[in-house]
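J.: sequence below, structure please.
(one chain, ligands or ions: 1)
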Amino acid sequence: MTNADQSLLDEVARLRAELDDANHRYYVLDDPSLTDADYDRRLRRLQELEAAHPALVTPDSPTQRVGAPPDAGFPEIEHAVPMLSLDNAFSEEELAAFVARVAERLEVEGDAIAFCCEPKLDGAAVSLVYEEGVLITGATRGDGRTGEGITSNLRTLRSIPLRLRGDAPPALLEVRGEVTIDHASFEAMNARARAEEAKVFANPRNAAAGSLRQLDPRVTATRPLTFSAYQVARIEPPQGDATHSALMAHLGDFGFRTSRELAVVTGAAGIIDYCRRLGEKRDGLDYDIDGVVIKVDDLRLQRELGFVARAPRWAIAFKFPAQEQTTRLNDVEFQVGRTGAITPVARLEPVSVAGVTVSNATLHNADEIARLGVMIGDTVAIRRAGDVIPQVVRVMKELRPSDAREIVFPERCPVCEAEIERLEGEVVARCSGGLYCAAQRKEALKHFASRRALDIDGLGEKLIEALVERDWVTTPADLFRLEAERLAELPRMGAKSSENLVAALAKARATTLARFIYALGIREVGEATAANLARHFGTLEALMSAEQADLEAVEDVGPIVAAHVHTFFRQPHNRETVDDLIACGLRWEEEAVGERPQPLAGQTWVLTGTLASMTRDEGKARLQALGAKVAGSVSKKTAGLVAGEAAGSKLEKAMQLGVPVLDEAAFLERLAAWEAGERERASHQGSDEEGEA
Ligand code: IVH
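T.: You can find the predicted model right below:
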């Protein structure tokens with residue numbers, strides 16, 4: 001072999017290892033190491049090398065995830081070990097009875113038995129077979145004995161290793177787990193489907209199952225699916241793991257995602273405590289769970305207990321209350337948002353869904369009403385998950401009463417009576433009243449004053465409504481002309497609170513360019529985009545005079561966002577508002593222009609306790625500006641914890657795990673150094689580019 005051949009092989013091997021690592025860090029550990037651009041660059045390079053040297057392509061190469069042509073149908077795959085179901089427990093008494101049964105059969109005390117508890121993921125079950133460390137087949141559960149071979153589709157999931165990690169893979173491994181879609185991705189996927197008038201899914205479980213059964217793997221590849229392993233069906237040769245929990249850790253070493261909530265407890269009391277705690281956490285999780293799976297941890301005891309009919313004796317599923325309920329649709333009202341978007345809101349007969357009383361749900365838009373075929377008076381299925389706004393997912397048309405009424409979309413704005421427009425190709429109908437519409441004005445002002453925008457202390461929803469209703473405030477600039485004496489005439493506004501508000505307005509005049517851009521409420525311009533625009537253009541003048549193409553050159557800004565920004569600054573009344581705000585004394589320091597160097601890219605930081613010199617949100621924004629991800633909880637992958645006054649359990653956990661901890665003084669010092677480094681490097685980069693040009 002020549003040196004050139006060897007260096008080619010080395011480069012291919014290095015790129016594959018780097019890409020596999022990046023996938024593992026991103027999709028399994030939730031701890032990204034490469035930026036998207038760095039990942040894409042490596043993937044493209046590997047694709048080029050493989051195209052030039054086809055003999056080097058291997059089935060487990062990261063380029064081969066979406067290789068297979070569409071299937072004509074799915075082959076049957078017989079499960080070597082049947083995929084069983086679980087018995088259910090619906091109460092703590094039934095959990096205690098399960099422990100008593102297990103204890104009796106094993107002839108030991110229930111309190112002495114260790115159980116592994118983990119969330120019952122609500123998705124689609126699949127089974128993966130690896131031979132000599134390489135993924136050979138993947139199948140659905142089917143009827144438990146025979147499933148459908150969906151190997152090409154499962155290969156597109158980047159949380160599924162194509163080759164097991166580590167040097168000594170077992171000769172045979174069959175892993176089972178659940179394919180799920182997290183809430184944020186599910187919402188985004190359905191929003192896109194609604195905009196494109198494509199299929200909308202009722203819940204993440206249906207979306208996951210449907211995505212896995214696509215005949216074209218390229219379609220599956222676009223779906224945000226995650227595989228989490230929860231069981232080893234076969235492993236040869238045996239690896240000596242004595243417990244289910246040890247096996248799960250072993251799967252983690254092979255490169256699989258396993259539950260972060262997994263815990264080993266003892267006895268009925270331990271199980272009940274776990275189920276209560278997970279139940280409390282359920283709403284805060286970003287994925288659907290429908291209960292807890294409890295397994296005897298000791299694998300020898302599992303074998304001793306064996307199976308009855310179609311379920312193991314050593315495991316049980318504790319079921320949480322359902323996230324879907326049915327109720328009556330009493331009426332539909334139409335709300336007007338900040339950008340004039342008209343949203344139909346279902347007024348429901350109040351119903352308790354997984355512990356929360358729900359009386360409103362969104363119906364999204366006219367197309368959604370048509371798709372559902374819903375009428376006032378219908379019985380509807382509603383779904384509530386986590387923080388997501390409750391949705392109407394289905395209509396029980398067979399229960400429709402004879403006096404059901406059609407839902408009529410208004411032709412005029414219910415607030416200002418301006419015409420409602422629906423532009424060609426858009427699903428959303430909008431009030432054309434702009435800032436003349438009191439509803440839009442109120443929403444725009446609320447946004448302008450909100451914490452992440454100009455952060456005007458004391459200017460809440462009620463006060464904004466009172467100001468708009470009296471026509472004291474039409475544009476945001478009017479806020480800065482309010483006088484304390486006049487404010488004191490408003491209900492519930494004394495002299496003191498009026499003065500405080502005027503002082504807060506004075507303080508809010510000094511802001512940042514990023515906040516100012518965000519506060520303007522340009523469509524599709526959220527906080528992150530506003531920060532990118534500020535960093536890229538440096539001055540408001542540069543941003544306002546940017547052409548469409550200049551805007552598209554900004555990180556994460558596509559043609560649609562660019563068009564919204566461009567149009568916004570071409571409207572004379574928007575320019576007047578901006579000028580007026582500047583005339584009222586709004587100001588900021590100019591941002592350093594240039595590509596964003598990110599010394600903390602790939603790192604996850606956590607903030608806890610109270611900081612004296614800034615709010616936690618500010619601290620978070622400054623870390624994010626340096627490229628860090630900011631998380632809510634500490635794990636062993638946390639790069640650092642910033643601990644303010646009265647830091648509690650997070651500080652404890654960080655110390656236990658050996659995560660570096662910064663107190664406020666150390667944090668400020670490091671921030672200053674990172675931010676100074678950022679500016680220095682930013683200006684170097686600028687001059688380099690000029691030198692080359
Ligand atoms: S263990 C012998 N663990 O629940 C059965 N199942 O009714 C071993 N599921 O179809 C299953 N999360 O798809 C197990 N952490 C978990 C699970 C889990 C979800 C599903 C699984 C199965 C069903 C059992």
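J.: not counting residues beside it along the chain, what's closest to the closest residue to the ligand within the stretch 301-450 of the chain?
T.: Of the residues in the stretch 301-450 of the chain, the one nearest the ligand is residue 312, at a distance of 4.7 Å by CB to the nearest ligand atom. All C-beta spots, glycine's among them, are computed from the backbone N, C-alpha and C. With CB to CB, 6 or more residues apart in numbering as the measure, residue 84 is the residue that lies nearest to residue 312, at 6.3 Å, once sequence neighbours are left out.
J.: how near is the residue of the stretch 251-400 of the chain found nearest the ligand to residue 267?
T.: Taking CB to the nearest ligand atom, the ligand has its nearest neighbour within the stretch 251-400 of the chain at residue 293, 3.9 Å off. Relative to residue 267, residue 293 is positioned 17 Å away (CB to CB, to the nearest Å).
J.: then residue 582?
T.: Here residue 582 is placed at a distance of 68 Å from residue 267 (CB to CB).
J.: what about residue 547, neighbour count?
T.: For residue 547, the neighbour count with other CB atoms under 10 Å is 9.
J.: make that residue 352, sorry
T.: Close neighbours of residue 352, defined as other CB under 10 Å, add up to 12.
J.: that one in helix, strand or coil?
T.: At residue 352 the chain is in strand, as set by DSSP: H, G, I helix; E, B strand; the rest coil.
J.: and the residue nearest to the residue of the stretch 251-400 of the chain closest to the ligand when sequence neighbours are not counted, how many neighbours?
T.: Nearest non-adjacent residue to residue 293, counting by CB to CB, 6+ apart: residue 120, 4.8 Å away. A total of 21 residues lie near residue 120 under the criterion other CB under 10 Å.
J.: likewise for residue 485?
T.: Here the number of neighbours of residue 485 (other CB under 10 Å) works out to 11.
J.: now do the one 3 residues further on
T.: Each residue near residue 488 was counted by other CB under 10 Å, and the total is 15.
J.: please apply the same query to residue 463.
T.: Each residue near residue 463 was counted by other CB under 10 Å, and the total is 21.
J.: what sits against it?
T.: Contact partners of residue 463, counting by CB atoms under 8 Å, 6 or more residues apart in numbering, are 490, 493, 501.
J.: let's see that with 10 Å instead.
T.: When contacts are counted by CB atoms under 10 Å, 6 or more residues apart in numbering, residue 463 touches 445, 449, 456, 473, 487, 490-493, 497, 501.
J.: who wins on neighbours among these?
T.: residue 445 leads those on contacts (other CB under 10 Å) with 27 neighbours.
J.: tell me the pLDDT at that one?
T.: The confidence metric pLDDT takes the value 96 at residue 445.
J.: swap in residue 425?
T.: According to the prediction, residue 425 has pLDDT 79.
J.: for the ligand, what are the nearby residues on the stretch 251-400 of the chain?
T.: By CB under 6 Å from any ligand atom, the residues of the stretch 251-400 of the chain that approach the ligand are 293, 312, 315, 317.
J.: now for the third one, how many residues are close by?
T.: Going back to what we said before, that points to residue 315. Residue 315 sits with 22 neighbouring residues when counted by other CB under 10 Å.
J.: who are the neighbours in contact with the residue of the stretch 1-150 of the chain found nearest the ligand?
T.: Nearest to the ligand, among the residues of the stretch 1-150 of the chain, is residue 125, at 3.1 Å (CB to the nearest ligand atom). Remark: with contacts taken as CB under 10 Å, 6+ apart, residue 125 is in contact with 83, 85, 139-142, 144, 147, 176-179, 209, 230-231.
J.: how near is it to residue 230?
T.: 9 Å.
J.: overlap in contacts of the two?
T.: The contact sets of residue 125 and residue 230 overlap at 176-178 (CB under 10 Å, 6+ apart).
J.: and the helices in the stretch 551-693 of the chain?
T.: In order along the chain, the stretch 551-693 of the chain carries the following helices (DSSP state H, counting those that start in this stretch): 559-570, 572-583, 616-625, 649-657, 664-692.
J.: now those as CSV including mean pLDDT and mean neighbour count?
T.: Conversion of the helices of the stretch 551-693 of the chain to CSV gives the following (pLDDT from 0 to 100; neighbours: other CB atoms under 10 Å):
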stretch, mean pLDDT, mean neighbour count
helix 559-570, 94, 16
helix 572-583, 93, 14
helix 616-625, 81, 17
helix 649-657, 87, 15
helix 664-692, 62, 13
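J.: wait, which of these is closest to the ligand?
T.: Short answer: helix 649-657, nearest of the helices of the stretch 551-693 of the chain by CB to the nearest ligand atom, at 23.9 Å.
J.: which other residues reach that closest one?
T.: So helix 649-657 is contacted by 606-609, 632-638, 640-644, 647, 659-661, 663 (CB under 10 Å, 6+ apart).
J.: can you select the buried ones from the residues you listed in ChimeraX?
T.: For the buried members of the contacts of helix 649-657, the matching ChimeraX selection, counting by 16 or more other CB atoms under 10 Å, is:
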select :606,607,608,609,634,635,638,640,641,642,643,644,647,659,661
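J.: got any ranges where the stretch 451-600 of the chain has weak pLDDT?
T.: 591-597 (pLDDT under 70).
J.: cheers, nothing more for now.
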